[in-house]
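> Just a sequence and a predicted model for now, questions to come.
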Amino acid sequence: MADGPPIEVRGLLKRYGEIVAVDDVDLTVNPGDVFGYLGPNGAGKTTSLRMMLGLIRPTSGTVRLFGRDPQLSVSALQGVAGFVEAPSFYPYLNGRTNLELCAALDGDGAADRIEEVLELVELRDRAKDKVKGYSHGMRQRLGIAAALLRRPRLLLLDEPATGLDPAGMRDMRRLIRDLADQGITVLLSSHLMVEVEELCNRVAIVREGHIAYEGLLSDLQSQAGVSFRLRTTDDDRARQVCAAEPEIEVVGDDPDGGLLFKAPSEDAVAALSQALAESGTPVVELTPQRATLEDLFFQLTEGEASTSVPTPEPNMIESAA
Amino acid sequence: MPGVLTVYRWELRKLRSQKRTYLGLGAAVVVPLIFVTALITGGGQPNDVAFGRYVNETGLAVPLVLLLFGSIWLFPLITALVAGDIVASEDRNATLKMILTRSVERQQVFAGKALATATYAAIAIALTGAVALIAGILASGFNPITSLSGTRVSASRGLGLVGASLLVYMLPILSIASIGLLFSTVFRNSGAAIVGTLMFSLLLQLVSILPGLGGLHPYLLSTQFDAWQGLLRTPVDWAPIVRSIWVCSLYSIPSLAIAATVFLRRDVAES
């Protein structure tokens, strides 16, 4: 049935007049991925998801879901479910009736799964209440339930934990993890680093409509490399020694004192250590500083990706000038 | 696989759960009751409209008089209440993204909504007709009616003619519904669509009374609200009914075609 990867996006562009919301996005989500689609608000994540679900037309470029084009027919959404922005329901109908409506429009025996999905998202006791009385978290869970009615192989979730309290966020992440463990491919749009670090194996970081990075989360963390914090008895002298070492790049001052530098290898760090000793500059502290995903996110979405992340790889895409 | 019929059933289900539906249908029931109550308590009759002078003679005249009165704003408003809301409410509740990512095509969703709107309008007209008929018969009896040609028509044949008149009356009502659906799709705002539909209807009424525009009358939607009177002549005058069919089509088909095109091509994004 599947003729291609769960999601394959090529050259996707969406323009609203002069505004380019999504700019030449290429993206591939492979089977089994829990793919984090990261970016600040207004970066074009939701617009991308809407195009993936066939809700809006791309200005140019293509989207394929399991090899099928969602712009041509809703049959391309077979095995695909999810929601963009907050899931929405008819407020004057109760939760169960909303699901019955979804199931009727899905066909394929979806109505038989209503009890099961209500149980899964723990809404069975409130299923007879009108949705207008639901909390934000309950609506999010009902959104997941409506998605699961379709027995999806691919879930697209847009900020599913946004607006939830800490317990709700924990439960939502656990639910997503459980679904991923069942083999469902997940595209998770988010701006929450913790969520992505906890759940995702691959990420794309989007900045002003561009993909600034796409690849394994672990690769991104290793590409960011390790910076080092150096404290000596004479930091001015240490700075001169660092400048004399060809492989050492001083990247700034540590707010707590000392220097921050980057080095391509442990040998380079060892050479620097020796040079400092030979120059009569005793080392007080030399410690590696691993960048968090949040650091990388800000570097890629606010700074210059090519300068902030030390070893750009082929899947590191230059940010827009 | 789900299709138009599935959407249609669920649109009716949604209409059954909305207050505006009951507001419209309630008006369709209450107005004839008020009219008949006024007839009983006031003892007068509206002599200046067709069949007005017979309302105290036979209950069959009551629904016909209400068709005349209702064409100005009552039935356009009742129709617009749902037609102007049926797409715009999806925008208000942000639910289009939900139904358009299931297993039904956009054209099926649109067709289901159009059919549900037509069904609601038909029910409203039928309700008014039935309530007016029953209340009128209780008040004035089930007696023969005098046609517009001055001939007496038996009560049973008169009953059939009232039913047929309601059917012919549906033609301009469906045009109003189509225009309401168009406004609902284009404006994406229930209030604007409902008011716009009503204003459009009133504007045509205004044009019909303006001097010097008599040549436009046969092609105005407002004129088609009187086409049923052809049935109440002896012999039946089919000309206004046939004209009503094609004139109403000229309003309905382009409205539906534009609405469908907009609906099929639009980007579904929160405003």
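Looks like it arrived, so ask away. Computed from a prediction, not measured in an experiment: that's the story for all the values here.

> ok, now which ones touch the residue of the stretch 101-250 of chain B found nearest chain A?
Going by Cβ to the nearest Cβ, chain A is nearest to B:Arg102 of the stretch 101-250 of chain B, at 3.7 Å. Placement of C-beta: from N, CA and C, glycine included. With contacts taken as Cβ atoms under 8 Å, 6 or more residues apart in numbering or on different chains, B:Arg102 has the following neighbours: A:Val74, A:Leu77, A:Cys102, A:Leu105, A:Asp106, A:Arg150, B:Pro2.

> switch the cut-off to 7 Å
A:Cys102, A:Leu105, A:Asp106 (Cβ atoms under 7 Å, 6 or more residues apart in numbering or on different chains).

> Tell me the one of those residues nearest chain B?
Checking the contacts of B:Arg102 one by one against chain B (Cβ to the nearest Cβ), the nearest turns out to be A:Leu105, at 3.7 Å.

> host element of that closest one?
Assigned by DSSP states H and E, A:Leu105 belongs to helix A:95-106.

> so how far is that helix off the chain centroid?
30 Å (Cα atoms, centre = their mean, to the nearest Å).

> Quick one: list the elements packing against the next helix or strand after it.
Counting by DSSP H and E, the next helix or strand C-terminal to helix A:95-106 is helix A:114-120. Using 3 or more Cβ pairs under 7 Å, 6 or more residues apart in numbering or on different chains; DSSP states H and E, the elements in contact with helix A:114-120 are helix A:95-106, helix A:136-148.

> Only the buried residues of helix A:114-120, if you could.
A:Ile114, A:Val117, A:Leu118, A:Leu120 (16 or more other Cβ atoms under 10 Å in any protein chain shown).

> What does the pLDDT read for the residue lying closest to the first one once chain neighbours are set aside?
With sequence-adjacent residues excluded and distances taken as Cβ to Cβ, 6 or more residues apart in numbering or on different chains, A:Ile114 is closest to A:Leu99, at 5.0 Å. On pLDDT, A:Leu99 comes in at 97.

> do B:Thr234 as well
So B:Thr234 comes in at 90 (pLDDT).

> cool, and the one 5 residues further on?
Predicted confidence (pLDDT) at B:Ala239: the value is 96.

> Just give me how far stretch B:135-148 sits from the chain centre.
With Cα atoms, centre = their mean as the basis, the mean position of stretch B:135-148 lies at 23 Å from the chain mean.

> quick one: contacts of that stretch?
Residues contacting stretch B:135-148 (Cβ under 7 Å, 6+ apart): B:32-33, B:36, B:39-40, B:50, B:54-63, B:152-155, B:158, B:229, B:232-234.

> restrict those to contacts with chain A.
Counting by Cβ under 7 Å from any Cβ of the partner chain, nothing from the contacts of stretch B:135-148 sits close to chain A.

> how many neighbours does the closest residue to B:Thr6 other than its chain neighbours have?
The spatial neighbour of B:Thr6 that comes closest, neighbours along the chain excluded (Cβ to Cβ, 6+ apart), is A:Ala104 at 5.4 Å. Other residues within reach of A:Ala104, judged by other Cβ atoms under 10 Å in any protein chain shown, total 19.

> residue contacts, A:Ala104?
With Cβ under 7 Å, 6+ apart, A:Ala104 has these contacts: A:Ala111, B:Pro2, B:Thr6, B:Trp10.

> all strands of the stretch 51-200 of chain A, in order?
With DSSP state E, counting those that start in this stretch, the ranges of strands along the stretch 51-200 of chain A come out as A:60-64, A:80-83, A:154-158, A:185-190.

> looking at those, which is closest to chain B?
strand A:80-83 (7.3 Å).

> Just put the contacts of B:Arg102 in a markdown table and tack on pLDDT, distance to chain B and neighbour count.
As requested, the contacts of B:Arg102 are arranged in a markdown table below (pLDDT from 0 to 100; distance: Cβ to the nearest Cβ, whole Å; neighbours: other Cβ atoms under 10 Å in any protein chain shown):
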| residue | pLDDT | distance to chain B | neighbour count |
| --- | --- | --- | --- |
| A:Cys102 | 97 | 6 | 27 |
| A:Leu105 | 96 | 4 | 26 |
| A:Asp106 | 95 | 5 | 26 |
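
> okay, those in TSV with distance to B:Arg92 next?
Below are these laid out as TSV (distance: Cβ to Cβ, whole Å):
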residue	distance to B:Arg92
A:Cys102	19
A:Leu105	19
A:Asp106	24
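
> count of neighbours near the closest residue to A:Asn41 other than its chain neighbours?
Closest residue to A:Asn41 apart from its sequence neighbours, by Cβ to Cβ, 6+ apart: A:His191 at 6.6 Å. Per other Cβ under 10 Å, the neighbour tally for A:His191 reads 17.

> can you pull the contacts of A:His191?
A:His191 neighbours (Cβ under 7 Å, 6+ apart): A:Leu38, A:Gly39, A:Pro40, A:Asn41.

> likewise B:Val62?
B:Pro32, B:Phe35, B:Val36, B:Val55, B:Ala132, B:Leu133, B:Ala135, B:Gly136.

> Surely B:Thr185 touches B:Ala259?
Yes. Contact status for B:Thr185 versus B:Ala259: in contact at 4.3 Å, counting by Cβ atoms under 7 Å.

> which residues touch the residue in the stretch 201-321 of chain A that chain B sits nearest to?
Residue nearest to chain B within the stretch 201-321 of chain A (Cβ to the nearest Cβ): A:Gly209, separated by 15.0 Å. A:Gly209 sits next to A:Val20, A:Ala21, A:Val22, A:Asp23, A:Ala43, A:Gly44 when contact means Cβ under 7 Å, 6+ apart.

> Then A:Ala147?
A:Ala81, A:Gly82, A:Phe83, A:Leu155 are the contacts of A:Ala147 under Cβ under 7 Å, 6+ apart.

> got it, and B:Gly215?
Counting by Cβ under 7 Å, 6+ apart, B:Gly215 has no contacts.

> what's the spacing between it and B:Asp226?
Per Cβ to Cβ, to the nearest Å, B:Gly215 is found 17 Å from B:Asp226.
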